[in-house]
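*Asks:* This is a predicted model, with the sequence first.
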Amino acid sequence: MGIKYDKTTGLPSNDNTDYNTLLDMWREEKETRQKVEGVNNNHQELNGKLQVRVSELEEDNKKLSKQIEDKDKHIKQLIDVM
């Protein structure tokens with residue numbers, strides 16, 4: 001038989017719904033929402049860890065760029081001395 005939905009609103013039709021059916025629908029929606037919230041929390045945690053790692057890598061990149069720049073200057077100085 002199943003649940004009939006109103007064609008205009010998309011909501012369950014009052015013609016064929018009873019309390020238990022609505023209660024079951026509510027429980028399913030609640031369970032789905034809880035799962036989605038769990039996934040959202042996991043994604044937020046992972047995103048936070050990724051942001052930390054990206055910041056670390058950016059800092060490492062700056063340090064390496066500075067080292068390369070310093071070595072280039074040193075090499076140019078050596079060449080100029082010759």
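*Replies:* Nice, I can see it.
*Asks:* Could you report the neighbour count for Leu46?
*Replies:* The number of residues packed near Leu46 is 10, by other CB atoms under 10 Å. For the C-beta atoms, the positions are set from N, CA and C on the backbone; glycine is no exception.
*Asks:* helix or strand for it, which one?
*Replies:* Leu46 belongs to helix 19-81 when assigned by DSSP states H and E.
*Asks:* Counting by contacts, list what that helix packs against.
*Replies:* Contacts defined by 3 or more CB pairs under 8 Å, 6 or more residues apart in numbering; DSSP states H and E place helix 19-81 against no helix or strand at all.
*Asks:* Can you give me the buried ones in stretch 8-27?
*Replies:* Buried residues in stretch 8-27, defined by neighbour count with 16 or more other CB atoms under 10 Å: none.
*Asks:* Endpoints of it, how far apart?
*Replies:* 24 Å (CA to CA, to the nearest Å).
*Asks:* mean confidence for it?
*Replies:* For stretch 8-27, the mean pLDDT works out to 74.
*Asks:* same check, this time on stretch 73-82
*Replies:* 87.
*Asks:* Kindly export it (C-alpha atoms) in CSV.
*Replies:* Output of stretch 73-82 as CSV, limited to C-alpha atoms (Å, rounded to 0.1, in the frame of the first residue of the first chain):
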residue,chain,number,x,y,z
LYS,A,73,73.5,34.6,-3.6
HIS,A,74,76.5,32.8,-2.3
ILE,A,75,77.2,31.2,-5.7
LYS,A,76,76.9,34.6,-7.4
GLN,A,77,79.3,36.0,-4.9
LEU,A,78,81.8,33.2,-5.6
ILE,A,79,81.5,33.7,-9.3
ASP,A,80,82.0,37.5,-9.0
VAL,A,81,85.2,36.9,-6.9
MET,A,82,86.7,34.8,-9.7
